[in-house]
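S.K.: my questions concern the predicted model and sequence given below.
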Amino acid sequence: MPSLFVDGAWISGSGGTADVINPFDASVLETVDQAGPDDVDRAVLAARAAFDTGPWRRVPAAERGALLRRVADLLVRDKEEIARTETLDTGKTLVESRIDVDDVTAVFRYYADLAGKDAGRVVDTGQAHVLSRVVPEPIGVCVLITPWNYPLLQLSWKVAPAIAAGNTMVIKPSEVTPLTSVLLVRLLEEAGVPAGVVNVVLGDGRSVGAPLTEHPAVDMVSFTGGLATGQAIIRASAATVKRVAVELGGKNPNIVFADTDFETAVDYALTAVFLHSGQVCSGGARLIVQDEMHDDLVAEIGRRAELIRLGNGLDEGSEVGPLVSAAHRAKIEEYVASAQAEGARLVVGGRRPEEPELQKGFFYRPTVFADVHREMRVVREETFGPILTVERFADEEEAIALGNDTEYGLAGAVWTSDIGRAERVARALRHGTVWINDYHPYIPGAEWGGFKRSGNGRELGPTGLAEYQEHKHIWHNTAPKPVRWFTH
């Protein structure tokens with residue numbers, strides 16, 4: 001079945017084909033079509049025509065909301081199929097994939113409810129005969145580029161508000177994990193999205209992503225992924241002065257004060273970093289522990305990490321699946337070697353698993369390093385894998401300084417039984433999301449995004465809708481008459 005969706009039709013594309021690999025055993029899941037230059041251009045122009053001359057811009061916001069609700073209902077109907085596909089494609093456990101589908105459903109329902117709620121505002125001009133209004137309007141053609149770790153979830157954060165706002169779009173999922181993105185577009189088609197409003201093209205960043213971001217008919221680019229690619233997209237978009245919203249990962253501090261319950265601190269420290277084998281942009285890869293608790297916490301985390309069960313994400317007994325690819329595992333191994341060369345103490349892990357049934361896949365044991373310092377690459381850079389580094393601090397001031405000592409600013413957490421301290425530290429941390437005595441939860445109604453090099457703009461919440469809108473000021477003089485500025 002063709003993999004590209006352009007102007008309301010599924011097509012094979014002119015860029016050849018590519019295999020999608022199962023990270024559990026390196027087998028081929030599917031062979032998908034790849035877009036060529038003509039396909040990219042055709043998709044953008046279809047979105048352009050649908051926005052400029054099609055009926056989509058005249059569709060009432062209530063109908064756009066109804067479309068999103070139909071998609072949510074279809075997600076509920078197909079939950080098991082979609083979750084299974086997500087696990088096969090990404091390697092994550094089936095329980096994680098089911099949660100992802102539930103979260104995606106919630107995102108579509110949230111923006112279905114939000115569509116059309118903001119009718120703009122009236123501005124008092126002080127003149128009885130003048131009406132002044134500020135009204136939201138869609139931006140136009142949006143390019144939505146999504147990452148390989150949460151392909152379905154991250155796509156929903158972009159597609160749902162873009163549709164709610166009345167935009168048209170071209171979707172480019174990661175070439176590594178495109179399968180659930182294609183499934184979601186099929187559900188959008190089934191729900192009745194008009195031709196040209198949603199298009200999807202498959203391929204890598206060089207052959208498909210770059211032409212999309214450079215295309216003069218595109219009004220906005222929304223990208224989630226790595227820092228270097230995000231910087232390249234910003235540069236490429238500058239020539240046509242597109243709006244660009246990017247989320248570029250993080251190096252996220254998980255700060256634990258000594259008054260935290262010990263078992264709770266251990267449990268959440270493991271979940272913060274090793275969920276989805278550490279392939280989470282907001283993962284708590286930097287554990288920062290107060291001196292009094294440091295040694296015992298490191299020892300217990302090391303003991304527990306060694307017991308984490310690796311396996312096929314489809315097996316109910318598996319706690320962690322594989323890394324997404326051989327190339328990504330090689331990157332993780334390079335970070336481990338670098339940490340050891342720079343003097344970090346390996347507490348546990350730092351190797352591939354030995355079980356025979358895991359040898360074909362891209363597995364790597366949960367890894368913990370202690371006695372690290374800020375100059376080490378493994379502490380500074382986003383490793384995006386199952387690597388935990390543990391730093392230590394003496395007091396609140398040092399904890400804040402360490403937590404902010406990063407070029408990123410996506411997320412972080414503080415653990416303490418002191419409510420006042422928790423609030424002080426949370427406000428002092430320069431990160432887009434800060435959890436107090438928790439890690440990882442998010443809700444569709446609360447904004448998500450980063451400070452510093454973690455990106456700009458916000459997804460989710462009302463601001464996530466505003467990212468896909470322009471705001472127009474309309475000044476209406478209801479009683480015009482000559483002003484005689486020029487007398488002749």
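M.R.: Alright, I've got the coordinates. Quick caveat, the model's predicted, so the values are computed rather than measured.
S.K.: now the longest helix along the chain: buried residues?
M.R.: Scanning the chain for the helix with the most residues, using DSSP state H, yields helix 94-114. Of all the residues in helix 94-114, those buried under the rule 16 or more other C-beta atoms under 10 Å are 94, 96-98, 100-101, 103-112, 114. For every residue, glycine as well, the C-beta is placed using N, CA and C.
S.K.: stretch 386-396 too?
M.R.: P386, I387, L388, T389, V390, E391, R392, F393, E396.
S.K.: am I right that the fifth one is in a strand?
M.R.: It refers to V390. Yes - assigned with DSSP: H, G, I helix; E, B strand; the rest coil, V390 falls within a strand.
S.K.: residues contacting it?
M.R.: Residues near V390 by C-beta atoms under 8 Å, 6 or more residues apart in numbering: L287, I288, V289, H294, L297, V298, I301, V347, V368, F369, A370, V372.
S.K.: how does it look with 6 Å?
M.R.: Contacts for V390 were tallied using C-beta atoms under 6 Å, 6 or more residues apart in numbering; they are L287, V298, A370.
S.K.: about what we covered before: for the longest helix of the chain, the distance to its chain's centre please.
M.R.: 14 Å (C-alpha atoms, centre = their mean, to the nearest Å).
S.K.: for the following helix or strand past it, what is the average pLDDT?
M.R.: Once the chain leaves helix 94-114, the next helix or strand it forms, by DSSP states H and E, is strand 121-122. Strand 121-122 shows a mean pLDDT of 96.
S.K.: just checking: what are the partner strands of strand 121-122?
M.R.: According to DSSP bridges, strand 121-122 forms sheet pairs with strand 130-138 (antiparallel).
S.K.: may I see the buried residues of the partner strand?
M.R.: S132, P136, P138.
S.K.: contacts for that strand next, please.
M.R.: 118, 120-123, 125, 165-167, 469-477.
S.K.: starting at the chain centroid, how far to stretch 154-172?
M.R.: Stretch 154-172 sits 13 Å away from the centroid of its parent chain (C-alpha atoms, centre = their mean).
S.K.: residues in contact with that stretch?
M.R.: Here stretch 154-172 has contacts from 43-44, 47, 50-51, 64, 68, 104, 107-108, 111, 115, 138-139, 141-147, 181, 197-201, 208-209, 212, 222, 224, 459, 464-465, 468-469, using C-beta under 6 Å, 6+ apart.
S.K.: from those residues, which land in strands?
M.R.: P138, V141, C142, V143, L144, I145, V198, N199, V200, S222, T224, Q469 (DSSP state E).
S.K.: without its sequence neighbours, what residue ends up closest to D405?
M.R.: R374 (5.9 Å; C-beta to C-beta, 6 or more residues apart in numbering).
S.K.: burial measure for that neighbour, as a count.
M.R.: Neighbour count for R374, taken as other C-beta atoms under 10 Å: 11.
S.K.: and it, what's its pLDDT?
M.R.: pLDDT, R374: 93.
S.K.: what does T487 give?
M.R.: Looking at T487, its pLDDT reads 87.
S.K.: how about it, phi and psi?
M.R.: Phi and psi for T487, reported as degrees, to the nearest 10, are phi -80, psi -20.
S.K.: what number of residues lie near it?
M.R.: Around T487 there are 4 residues (other C-beta under 10 Å).
S.K.: which ones are touching it?
M.R.: Contacts of T487 (C-beta under 6 Å, 6+ apart): none.
S.K.: look up how far E306 lies from it.
M.R.: Going from T487 to E306 by C-beta to C-beta, to the nearest Å gives 90 Å.
S.K.: from V143, how far off is the spatially closest residue to P138 that is not a sequence neighbour?
M.R.: Nearest residue to P138 in three dimensions, chain neighbours excluded: G166, at 3.8 Å (C-beta to C-beta, 6+ apart). As for G166, its distance to V143 is 16 Å (criterion: C-beta to C-beta).
S.K.: so these two - more neighbours on which side?
M.R.: V143 (30 against 24).
S.K.: so where's the chain shaky on pLDDT?
M.R.: Within the chain, no stretch has pLDDT under 70.
S.K.: which residue is nearest the middle of it?
M.R.: Taking C-alpha atoms, centre = their mean, the centroid of the chain lies closest to Q154, which sits 4.4 Å from it.
S.K.: so N254 is in contact with A272, correct?
M.R.: Yes - here N254 reaches A272: they are 5.2 Å apart, a contact under C-beta atoms under 6 Å.
S.K.: residues that sit against both of these two, list them.
M.R.: Common neighbours of N254 and A272 (criterion: C-beta under 6 Å, 6+ apart): G284.
S.K.: from S181, how far off is the residue nearest to the residue nearest to the centre of the chain when sequence neighbours are not counted?
M.R.: Spatially, and ignoring its direct neighbours in sequence, Q154 is nearest to T146 (4.6 Å; C-beta to C-beta, 6+ apart). Distance of T146 to S181, computed by C-beta to C-beta: 7 Å.
S.K.: how about A128?
M.R.: A128 is 53 Å from S181, by C-beta to C-beta.
S.K.: just S174 next, same as before
M.R.: 8 Å.
S.K.: then S14?
M.R.: 20 Å.
S.K.: compare these two (neighbour count), which wins?
M.R.: Taking neighbours as other C-beta under 10 Å, S14 and S181 compare with S181 leading, 24 against 15.
S.K.: for that one, give me its contacts.
M.R.: Counting by C-beta under 6 Å, 6+ apart, S181 makes contact with P151, L155, P173.
S.K.: that'll do, ta.
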